[in-house]
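# With the input below, show me the fold.
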Amino acid sequence: MSKSLNLYGGVGVGLVALLTGAYNFADRNVTPMPSDAPKMAAEADTDFMLIAAAQASDAAADGKFGLGRPALPEEVAAWNLDVAPDGTGLPVGSGSVEDGEMLFSENCAVCHGEFAEGVGNWPKLAGGEGTLADKDPLKTVGSYWPYLSTVWDYVHRSMPFGAAQTLSNDEVYAITAYILFSNYLVDDDFVLSNENFLEVEMPNADGFIVDDREEAEKHFWTAEPCMENCKDSVEITMRAAVLDVTPEEEGAADEAAAEPTAATEETQTATAEPAQEAAAEETPAAEATPAAASIDTALAEEGENVFKKCKACHQVGEGATNKTGPVLNGVIGAKLAHVEDFRYSKTIVEMGESGMVWDEANLSAFLAKPRDFISGTKMSFAGLRKEDDIKAVIEYLKTFP
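Model prediction:
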């Protein structure tokens, strides 16, 4: 017990000594609070607001607020860049599709593709015609935008990415013209200017309505809301299973699609054999596969690898469809512009109508320098530099008669 008392006593004496020392230090070293110390009023912010309001009132009396200076005309012009749908704000200038193609390739294609088809996640500027009613519509300048002024305004104000407002007015007109051409809205010899700007008709110009919800839906937020017994009765009108929104068991749909009935398989086989026989009878042996006997398999395999440079725009083989460029099935020996549902440039159509065909000589010349072979072609690809690559691609295309 005596040891515990001694311990507590020692701790108590130590605390008294510590507190005494701290008090003496504070008394000697801390500056005392003055008796008339200034205080910040709680309404200080309000005072400042009243002072500012009074100054503004006095300044308004003589038309001067005393803040800064009036903006110079050139300073206002630097910010006043908007172009209205009626053409207000358009500067004088012009630009052609031909010039726009080169400018677009140099300034825009890295993100939007050579044909405005988009690269990666960067937006597509062309295509999407007739898709607005689809489940997943493609909204581009040609399919969705109602006003051409928005295109000009945005390119002028914000493009190219990382170098905004470095394009001249004429360059913006030219790029806008090329975007129109990429959407088949103008011909390849078109020149856009401030004078014919409003003559360009955008396909979706009538696809928008004026937002009048402030008045048309006013009754929704001005009427007294119903808080109870708002409907006489509640009925179930449809079930999720009927609406086809209930997820099926995993893999069920795939299995159903992958298991055709035996009868179906037999029918397909029975139908295919007579069809093949009939096709063989109708097609003379010499015309069945004109290039098949002369195809160099090894060279065609090399051509398949080179064709990777073309696959972004052209498809071949079963199920091929037109993309930015036409399907190339059967191109060897066909007339120029032979794909009926693809919109070619005016020049290539005229060449086809004259009877020119894609023989190996013409195809070689085109693949080497497309723009030299067809003036005004939409294909901005510079061409294949190596003659061996050209031969290989042609050999590969022969495999798709």
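# Domain map for this structure?
80-199, 292-397 (automatic domain parsing).
# Reformat those into a markdown table and put mean pLDDT and mean neighbour count next to each item.
(C-beta placed from N, C-alpha, C; glycine too.) Below are those laid out as a markdown table (pLDDT from 0 to 100; neighbours: other Cβ atoms under 10 Å):
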| stretch | mean pLDDT | mean neighbour count |
| --- | --- | --- |
| domain 80-199 | 94 | 18 |
| domain 292-397 | 81 | 16 |
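# of all the ones you listed, which lies closest to residue 228?
Smallest distance to residue 228 across these (Cβ to Cβ): 39.0 Å, for domain 80-199.
# For stretch 196-212, which residues meet the burial criterion?
197, 200, 202-204 (16 or more other Cβ atoms under 10 Å).
# Dump the domains of the chain to CSV, plus distance to residue 70.
Compiled in CSV, the domains of the chain are given as follows (distance: least, Cβ to Cβ, whole Å):
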stretch, distance to residue 70
domain 80-199, 15
domain 292-397, 48
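# Out of the ones you listed, the one nearest residue 233 is which?
Closest among the domains of the chain, using Cβ to Cβ: domain 80-199, at 34.0 Å.
# Now residue 296. Nearest residue, chain neighbours left out?
Distance criterion Cβ to Cβ, 6 or more residues apart in numbering; nearest residue to residue 296, sequence neighbours excluded, is residue 395 at 5.5 Å.
# which helices and strands sit right next to the strand or helix carrying the one you found?
Using DSSP states H and E, residue 395 sits in helix 387-397. If contacts are counted by 3 or more Cβ pairs under 8 Å, 6 or more residues apart in numbering; DSSP states H and E, helix 387-397 sits against helix 297-306, helix 360-368.
# got a list of contacts for it?
By Cβ atoms under 8 Å, 6 or more residues apart in numbering, the residues outside helix 387-397 that reach it are 295-296, 299-307, 310, 316, 328, 331-332, 360, 363-364, 367-368, 384.
# Strands of the protein, residue ranges please.
Counting by DSSP state E, the chain has strands at residues 94-96, 191-193.
# Adding distance to residue 120, write those out as TSV.
Listed next are the strands of the chain as TSV, based on distance: least, Cβ to Cβ, whole Å:
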stretch	distance to residue 120
strand 94-96	27
strand 191-193	28
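# List the residues that contact the nearest residue to residue 129 once chain neighbours are set aside.
Using Cβ to Cβ, 6+ apart and skipping the chain neighbours, the partner closest in space to residue 129 is residue 143 (5.3 Å). By Cβ under 8 Å, 6+ apart, residue 143 lies in contact with 127-132, 137, 183, 203-204.
# where's residue 143 relative to residue 85, distance?
Taken as Cβ to Cβ, to the nearest Å, the spacing of residue 143 relative to residue 85 amounts to 18 Å.
# just residue 351 next, same as before
Look at residue 351 and residue 85: by Cβ to Cβ, they are 39 Å apart.
# And residue 374, by the same measure?
36 Å.
# Over to residue 167?
Per Cβ to Cβ, residue 167 is found 21 Å from residue 85.
# Repeat that for residue 179.
17 Å.
# Residue 229 now?
With Cβ to Cβ as the criterion, residue 229 and residue 85 are 49 Å apart.
# any idea where the helices of the stretch 251-400 of the chain begin and end?
Along the stretch 251-400 of the chain, counting by DSSP state H, counting those that start in this stretch, helices occupy 252-258, 262-282, 297-306, 346-353, 360-368, 370-373, 387-397.
# contacts for the third one?
In this case it means helix 297-306. Contacts for helix 297-306 (Cβ under 8 Å, 6+ apart): 384, 388-389, 391-399.
# Any chance of these in a markdown table with distance to residue 234 as columns?
Listed next are the contacts of helix 297-306 as a markdown table, based on distance: Cβ to Cβ, whole Å:
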| residue | distance to residue 234 |
| --- | --- |
| 384 | 69 |
| 388 | 75 |
| 389 | 70 |
| 391 | 74 |
| 392 | 70 |
| 393 | 67 |
| 394 | 70 |
| 395 | 71 |
| 396 | 65 |
| 397 | 65 |
| 398 | 68 |
| 399 | 65 |
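# and the contacts of residue 143 as JSON lines, adding distance to residue 215?
JSON lines is the format used below for the contacts of residue 143 (distance: Cβ to Cβ, whole Å):
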{"residue": "127", "distance to residue 215": "37"}
{"residue": "128", "distance to residue 215": "33"}
{"residue": "129", "distance to residue 215": "34"}
{"residue": "130", "distance to residue 215": "33"}
{"residue": "131", "distance to residue 215": "32"}
{"residue": "132", "distance to residue 215": "27"}
{"residue": "137", "distance to residue 215": "29"}
{"residue": "183", "distance to residue 215": "35"}
{"residue": "203", "distance to residue 215": "29"}
{"residue": "204", "distance to residue 215": "25"}
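# out of those, who's nearest residue 103?
residue 183 (16.8 Å).
# My read is that that closest one contacts residue 140, right?
Yes - contact criterion Cβ atoms under 8 Å: residue 183 and residue 140 qualify, at 6.9 Å.
# Now the common contact residues for the two.
116, 125-127.
# Pick out whichever of those sits closest to residue 75.
Within the shared contacts of residue 183 and residue 140, the smallest distance to residue 75 is 32.4 Å, found for residue 125 (Cβ to Cβ).
# residue contacts, that closest one?
Neighbouring residues of residue 125 by Cβ under 8 Å, 6+ apart: 112, 116, 118, 140-141, 179, 182-183.
# Please apply the same query to residue 171.
95, 99, 103.
# now the nearest residue to the first one once chain neighbours are set aside: how far from residue 199?
Setting aside the residues directly before and after it, residue 95 is nearest to residue 174 in space (Cβ to Cβ, 6+ apart), at 2.7 Å. Separation of residue 174 from residue 199 (Cβ to Cβ) stands at 17 Å.
# and what of residue 221?
From residue 221 to residue 199 the distance is 43 Å (Cβ to Cβ).
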